[in-house]
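Structure here, sequence nowhere to be found:
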Ligand SMILES: Cc1ncc(C[n+]2csc(CCOP(=O)(O)OP(=O)(O)O)c2C)c(N)n1
Ligand SMILES: [Mg+2]
């Protein structure tokens, strides 16, 4: 178990060997894990104070001057508080700013609904030029951070607070825009992102016991989404379930629905937060409270199977 | 002048104990900023403000907004002791089945006026309430507490300009000037410069006090009532973690819960 934000902090320090990498934070460097970079490369770390909007525009200025800025804060503030800065100053001109947002989703836990971003994927993926990545584990997070630094343009990387199991092998090769078939199956495809990938793999086991063969796909890049893989899995299994730690409006579920409805319509069921805000509680309790468990995915899979046409 | 108020000091002690116990029980939360602001909150709820626990939405009530919402335990302790909900509820803080959220939620908790937690919103909301009070010719007053780190949000200064522009003399802001934020001393993270001068320059009447001295706190609120055509900012010099020796001035106690032993030690000190 390791949190994706921890992997981010470590990857940043490795990236720091590149002199054009600069890091910004908004008084959350211990939580976002940029503090390690700040220690090793103090001259290239800028704490902007509690001023997220200011941080994003400053990152834009740094990018316009040849730097590769990584700007970090909690997802709710990165995508929400600073939305206009991200939209108009970073994405409109397609500036090379990397936004690494931690504490996404309801597994923020006890801080409660005000701090749990359940809409950031939606907000970020609607912006032209933006790449949106949601790593499933620490291995994928580390690679995503490094790959983000290699491409030119804005990238939003969604990271979590709590530890998540490792679902990828050490030699896993993450590629931006490519989904990953983690387990094959014939009856239904579970498409998951972020921390829900591990739950999806558990759901596959539950379904197996009931004689249902489920494929599991990790979609780490929500945008640009891997249409080819989605369409081929829709063709192969004829039914799909999406699973995300995000609102069912505008996130992975919506992105998959957009692809399927235009390219290859099959019955689809979305597992996610059902158009409500979060609340305080322990991360695990909240996953149950909002129906984001392997069991919920398995139930959704059976529901979608019943809608599958001959 | 207001004389030293022993009843308020005793009350503040009771509230401090609640803060320590509830955060200890929750296993997470923000003791430092709750303890630095509690004397101000105590003075407001138990001396200054007109509120009615039996009728939380009474139209003429004074309004309190905790813009630095992470200090929710301070607000909850005051609301419970005031009778807005049972004191026993406090130990449910941050639990999945409790109405006491990690940050104040007006839809869940009786007496909470504004949902806060995202910093930099409270003052503008207070402006809206103060403007409505003027429109309705109501006598209620609006009190809003800001953190010093919170002042780094540009939205605070947009609001500060508006309060002065609209001559909101029914509005009082209190700065919990404890000198610390999460990443370290405010001065080091993002220096605020001369805070008093800044608010003055924005058109506010500014009073500077020791935020743990009830005489000074109450006098400041009295003075604010006499100021016409301008909002008042009370710069309250405070100590983060005040009242619990091992938490005082400790940046690490911003968002760390005390363990069982630490709770016991703190309660002994507050006895
Ligand atoms: C918009 C926003 N950005 C970041 C945070 C995370 N955060 C919570 S408390 C805090 C520090 C607050 O410092 P200060 O205002 O001085 O409060 P105090 O010292 O009184 O606890 C931060 C950065 C937040 N709640 N809201
Ligand atoms: Mg402070």
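Structure received. Computed from a predicted model, the values in this text were never measured in an experiment. Ligands and ions are numbered 1, 2, ... in the order given.

okay, CA-based contacts and neighbour counts for the rest of this
Will do.

quick one: residue A:37 and residue A:15 touch, right?
No: here residue A:37 lies out of contact with residue A:15, judged by C-alpha atoms under 8 Å, at a distance of 9.4 Å.

the more surrounded of these two?
Counted by other C-alpha atoms under 10 Å in any protein chain shown, residue A:37 and residue A:15 do not tie: residue A:37 has more neighbours, with 22 against 16.

so where does that one fall, helix or strand?
Per DSSP states H and E, residue A:37 falls inside helix A:35-40.

which helices and strands does that helix pack with?
Counting contacts by 3 or more C-alpha pairs under 8 Å, 6 or more residues apart in numbering or on different chains; DSSP states H and E, helix A:35-40 is packed against helix A:4-15.

Just name whatever secondary elements the helix or strand where residue A:191 lies is in contact with.
Residue A:191 belongs to strand A:188-192 when assigned by DSSP H and E. Here strand A:188-192 touches helix A:196-209, strand A:214-218, helix A:227-237, strand A:240-247, helix A:294-306, going by 3+ C-alpha pairs under 8 Å, 6+ apart.

ok, that strand: who's next to it in the sheet?
Using DSSP bridges, strand A:188-192 pairs in its sheet with strand A:214-218 (parallel), strand A:240-247 (parallel).

List the contacts of it.
The contact list for strand A:188-192 (C-alpha atoms under 8 Å, 6 or more residues apart in numbering or on different chains) reads A:197, A:200, A:213-219, A:233-234, A:237-244, A:252, A:301, A:305.

about what we covered before: moving C-terminal of the helix holding residue A:37, what's the next helix or strand?
Next along the chain after helix A:35-40, taking DSSP H and E as the criterion, comes strand A:45-47.

sorry, back to before: what's the angle between the strand holding residue A:191 and helix A:294-306?
Here strand A:188-192 runs at an angle of 140 degrees relative to helix A:294-306 (axes from the mean of the first three to the mean of the last three C-alpha atoms, to 10 degrees).

and strand A:188-192 with helix A:196-209, angle?
Per the same axes, to 10 degrees, the angle that strand A:188-192 makes with helix A:196-209 is 160 degrees.

what's the average pLDDT for strand A:188-192?
The average pLDDT for strand A:188-192 rounds to 99.

same deal with stretch A:212-219?
The average pLDDT for stretch A:212-219 rounds to 98.

deepest of the strands paired with strand A:188-192, which one?
Ranked by mean neighbour count, these are led by strand A:240-247 with a mean of 29 (mean count of other C-alpha atoms under 10 Å in any protein chain shown).

Buried residues, the next helix or strand after that one. List them.
Helices and strands here follow DSSP H and E; after strand A:240-247, the next one along the chain is helix A:252-263. Across helix A:252-263, burial judged by 16 or more other C-alpha atoms under 10 Å in any protein chain shown covers A:252, A:253, A:254, A:255, A:256, A:257, A:259, A:260.

Ok, stretch A:9-23 next?
Neighbour-count burial for stretch A:9-23 flags A:9, A:10, A:11, A:12, A:13, A:15, A:16, A:21, A:22, A:23 (criterion: 16+ other C-alpha under 10 Å).

Residue A:169: which of those residues is nearest?
Comparing those against residue A:169 with C-alpha to C-alpha picks out residue A:11 as the nearest, at 17.3 Å.

Identify the residue nearest the closest one in space, chain neighbours excluded?
residue A:142 (5.4 Å; C-alpha to C-alpha, 6 or more residues apart in numbering or on different chains).

Can you check the pLDDT for residue 43?
In the absence of a named chain, this looks at chain A. Looking at residue A:43, its pLDDT is 98.

wait, I meant chain B there
Looking at residue B:43, its pLDDT is 98.

Tell me, how many residues neighbour it?
Residue B:43 has 22 neighbouring residues, counting by other C-alpha under 10 Å.

Contacts only, for it.
By C-alpha under 8 Å, 6+ apart, residue B:43 lies in contact with B:8, B:214, B:217, B:218.

Just want the residue of the stretch 1-150 of chain B that's nearest ligand 2.
Per C-alpha to the ion, residue B:148 is where the stretch 1-150 of chain B lies closest to ligand 2, at 4.6 Å.

So for that residue, what's the nearest residue that isn't a sequence neighbour?
Nearest residue to residue B:148 in three dimensions, chain neighbours excluded: residue B:177, at 5.3 Å (C-alpha to C-alpha, 6+ apart).

cool, and residue B:213?
In space, not counting the residues next to it along the chain, residue B:213 is nearest to residue B:39; the distance is 7.9 Å by C-alpha to C-alpha, 6+ apart.

Quickly note the distance from that neighbour to chain A.
Distance, residue B:39 to chain A, using C-alpha to the nearest C-alpha, to the nearest Å: 24 Å.

Do the helix or strand hosting that residue and ligand 2 come into contact?
In this assignment (DSSP H and E), residue B:39 forms part of helix B:31-43. No: counting by C-alpha under 5 Å from the ion, ligand 2 is not contacted by helix B:31-43; separation bottoms out at 6.7 Å.
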